[in-house]
Each structure stands twice: as C-alpha cells, then as structure tokens.
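Asks: No letters, just coordinates:
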C-alpha cells in the first residue's frame, strides 16, 4: 500500500512538472483589486489544487461530518454494532 501511494504521488509530481514546463507563457490574472502576472503552468496547477481542496471540503461537509455525528450519537447511546 505504501508503494502504491508513493507511485501515485510521484506520478502527480511528474505530471505537474510536465504541465509547468510545457506552459511557460505569461498571463495576467485580474482579480478586480489587483493583477497577478504568472506562468500559465503555475496558474493551471494552482487552479487544480484549489479545485481539489474545495471538492475535499465539500465531501467532508456533506459526508464525513454527518457520519461522525451519527457515530458519536451511537456511541453515547451504547448501541452495539454501530
């Protein structure tokens, strides 16, 4: 299992390096109150990372937290097999 995690992490790092290397063009990101000048590859990787974080938070809020509350309630009531 540890080897699989290592291989997945290495593949993601390699993919990020390839995306960053192939997209070297400069872009301007206008946020309304400021403008950021960066490489296209960096902007893509940051956008993907933000999407993964928001998705993880959404999954956590909609699935993990209710299940933890249900488990805590079951443990307080002493329900066997919960």
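Replies: Everything's here; your move. Just so it is clear, the structure is predicted and the values come from calculations on it, not from any experiment.

Asks: Tell me which helix or strand residue 48 sits in.
Replies: For residue 48, the element it lies in under DSSP states H and E is helix 40-59.

Asks: make that residue 38, sorry
Replies: Judged by DSSP H and E, residue 38 forms part of strand 35-39.

Asks: partners of that strand, with directions?
Replies: strand 26-30 (antiparallel) (DSSP bridges).

Asks: What pLDDT does the model give the most centrally placed residue in the chain?
Replies: With distances taken as Cα atoms, centre = their mean, residue 52 lies nearest the centre of the chain, 2.7 Å away. Listed pLDDT for residue 52 reads 92.

Asks: For it, give me its contacts.
Replies: By Cβ atoms under 8 Å, 6 or more residues apart in numbering, the contact set of residue 52 is empty. Every residue, glycine included, has its C-beta placed from N, CA and C.

Asks: From residue 69, how far off is it?
Replies: According to Cβ to Cβ, to the nearest Å, residue 52 stands 25 Å off from residue 69.

Asks: rewinding a little: off-centre distance for the strand holding residue 38?
Replies: 22 Å (Cα atoms, centre = their mean, to the nearest Å).

Asks: what does that strand contact?
Replies: 20, 23, 24, 25, 26, 27, 28, 29.

Asks: Compute the mean per-residue pLDDT across it, please.
Replies: Mean predicted lDDT for strand 35-39 stands at 93.

Asks: Give the buried residues for that strand.
Replies: Buried residues in strand 35-39, counted by 16 or more other Cβ atoms under 10 Å: none are found.

Asks: between that strand and helix 40-59, how many degrees?
Replies: 110 degrees (axes from the mean of the first three to the mean of the last three Cα atoms, to 10 degrees).

Asks: please renumber so the chain begins at 55
Replies: Sure, I'll start numbering at 55, so the last one becomes strand 89-93.

Asks: what's the closest non-adjacent residue to residue 74?
Replies: Leaving aside its chain neighbours, residue 74 sits nearest to residue 95 (3.6 Å; criterion: Cβ to Cβ, 6 or more residues apart in numbering).
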